[in-house]
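J.: here's my sequence, what's the structure:
(chains A and B, ligands or ions: 1)
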Amino acid sequence: MNYDSYPEIKPGRKTIKRIYIAVMLFIVGRAIQAAGRMDKTVRKEFQNLKDDFVFALGVHPHGPWMVVGRDTKGRARYLGWNPEGKKIPLKMSIKNVESAILVFTFQESTSVAFARNRFVVDGDLIDALAVVRVLDLVEVYLLPKLIAALAVKRYPKWSELSPVRKHIGRVAIYTRALLGF
Amino acid sequence: MFLPDYYEFCARVKTVAGHRALDKIPSMLSSLGVTRPMIITDRGVLGAGLIKLVSGAIKGSKLKVGAVYDEVPPDSEYKIVNTAAKLYRAKKCDSIIAVGGGSVLDTAKGVNILVSLGGANILEYEGAGAVKRKLRPMIAIPTTSGTGSEVTVVAVIADHQKKVKIPFTSYFLLPDIALLDSRMTKTLPPFLTAPTGMDAITHACEAYYCLAKNPLSDATALTAIRLISANILNVVKKPGDLQGRLDLANGAILAGMAFSNSMVGMVHNLGHATGGACGVPHGVCMSLFLPYGLEYNMHKRAKEIGELLFPLAGPEVYAATPLKQRPEKTIEYIRKLNQNLHDATGGRHARFLKEIVDREGRQMVPKEKLPDIARTAQGDGAKIYNPEEINYDDAMMVLEHAYEGKPLDRRKVRKG
Ligand SMILES: [Fe+2]
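T.: Predicted coordinates:
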């Protein structure tokens, strides 16, 4: 078993919350990789990014983090939980654990979290906006509508995201996210 | 009253405003412990004789102007910042007086970063959190009533080669002093007074209905709209009206405080993109997109948009309009204001995209450019703070309406 692929939880206060966030980041990170295979919008977003694009999303300053990049074929790749030693052009950090909990329990949408100045973006804003669009779509796949509708500004109508596309996509993305391929 | 669970607000700029506020420069600079300011400005301001007013106010004091840099172009660039910083160092200046519109003020903020923190290229300070220390003392003296840059935490500086505008953001970019003197905006011609004033109204409106709204930005936004709405048309018709000029300057600074803290939405999102893709001046875009921004967000913000009618149209109109009709009336009022400004400027104030022309009379936004604008808008940060989602198709839909000047077909707005 490759222990390196699982997040290390730094001991300290708020351990339970950190574990929860780490698990969410792990699932979302893998789900982005899966959605990059299954969903044409996500695929296109990654194809439009620069060749060596990598982003880290996590909690300032000690994590947890997820690192996702674009491979040479333009596909999304989950690159693990550890940003150290990697060249990361875009770092999106939430200022503290409490703010991150609001975001990852979907009490606050990404946009509202931005509006409340909870994010620090270090890197190109154009890329950051692409990541926000991808996160929104992945949340629609991962979460029941009741919750996802709170997490995104506009839940996609059937016309945009057909039930077939959604449910098949959801199952596929879950499977791939959990199995990690 | 709307109160968010959490918000941040910072507007720590000493503001000095009056018909002869310039006279305060010597005492204010000496209280900041400096004696050798550099003046940063542009040719238009210099030509209008405004720098003479500033040096006149300094004459006879202990201050000595170390250098004057007057070559800031309308759409300033990082190279300009680097050059001006070199001059500041060569002439051993110790502070900055920026006199001009948004481009000059932002350039001066950039210069201040370099001369305070070191380095030869401002691009090294790109990104959030790069400016972490107090900068040199700076006085911002706006000569337009619009951008509000004298109280904002951001400086936007372009890289023309790469065709990008780079935002530099830090609380340390707030100038020490904002100085509003009615004489400094008096010479601004009507065709510029109109769009810059509409830019300020847009700052206040978007601050009032977008996602980061809070009680302090609400208070500043509402007063800003009241001051600008009551004066903009009069001043366009009578440019020498000094009291009206001072009211507009006060409105613009208040609007600047509001949006610097609660950000802007779709109007700026599309406006930045139209500016980037077609070179249309910022204020022109603001004037014509503002009614669309209100219409587009109506289903989520009817109450707030209705409340804007009070500062826009005054208590009588507000009271005479039934609650349910207020949001519509607000939009109608803005459209009417644009029309009046159009008439008062002899048709130079553009009402829709199709009629924007450059100095040679060429159309600036051909219809084929709309997809380009919509695509650019997807990469502009202001979309984050807009209440409703805006993707490429939404932006195209709005742009097509704004091209012809048709009110938005609200059935076409996809509601979340
Ligand atoms: Fe603006």
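
J.: what about stretch B:405-416, near chain A?
T.: Yes: Stretch B:405-416 reaches chain A (Cβ under 8 Å from any Cβ of the partner chain) through B:414-416. C-betas here are computed from N, CA, C, even on glycine.

J.: pick the one among those closest to B:Leu114.
T.: Nearest to B:Leu114 out of those is B:Gly416 (Cβ to Cβ; 43.3 Å).

J.: next, count neighbours for that closest one.
T.: 15 (other Cβ atoms under 10 Å in any protein chain shown).

J.: list the residues that contact it.
T.: Taking Cβ atoms under 8 Å, 6 or more residues apart in numbering or on different chains, we find B:Gly416 in contact with A:152-155, B:300, B:388-389.

J.: just give the nearest non-adjacent residue to it, would you?
T.: A:Arg154 (2.4 Å; Cβ to Cβ, 6 or more residues apart in numbering or on different chains).

J.: likewise B:Gln339?
T.: Nearest to B:Gln339 is B:Arg351, by Cβ to Cβ, 6+ apart, at 6.6 Å.

J.: which parts of chain A are strands?
T.: A:54-59, A:65-70, A:76-78, A:90-94, A:119-122 (DSSP state E).

J.: no no, chain B
T.: Going by DSSP E, chain B shows strands at B:14-18, B:37-40, B:67-69, B:95-100, B:138-142, B:154-159, B:164-169, B:177-181.

J.: give the partner strands of the first one in its sheet and their orientations.
T.: According to DSSP bridges, strand B:14-18 forms sheet pairs with strand B:177-181 (parallel).

J.: list the contacts of residue 114.
T.: Went with chain A since none was named. B:211, B:384-385.

J.: can you look at chain B instead?
T.: Contacts of B:Leu114 by Cβ under 8 Å, 6+ apart are B:81-82, B:85, B:120-122, B:125.

J.: so which of those is surrounded by the most neighbours?
T.: B:Val81 (28 neighbours).

J.: hey, which helix is longest across the chain?
T.: Went with chain A since none was named. helix A:15-38 (DSSP state H).

J.: actually, chain B is the one I wanted.
T.: helix B:282-307.

J.: quick one, helices of chain A?
T.: Counting by DSSP H, the helices of chain A are A:15-38, A:40-48, A:97-104, A:110-115, A:125-142, A:145-151, A:163-179.

J.: format those as a markdown table; extra columns: distance to B:Ser170.
T.: Formatted as a markdown table, those follow (distance: least, Cβ to Cβ, whole Å):
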| stretch | distance to B:Ser170 |
| --- | --- |
| helix A:15-38 | 28 |
| helix A:40-48 | 30 |
| helix A:97-104 | 20 |
| helix A:110-115 | 17 |
| helix A:125-142 | 15 |
| helix A:145-151 | 30 |
| helix A:163-179 | 38 |
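
J.: can you tell me which of those is nearest to B:Asp159?
T.: For B:Asp159, the closest of the helices of chain A is helix A:125-142, at 13.5 Å, according to Cβ to Cβ.

J.: mind giving me the packing neighbours of that closest one?
T.: helix A:15-38, helix A:40-48, strand A:54-59, strand A:90-94, helix A:110-115, helix A:145-151, helix A:163-179 (3 or more Cβ pairs under 8 Å, 6 or more residues apart in numbering or on different chains; DSSP states H and E).
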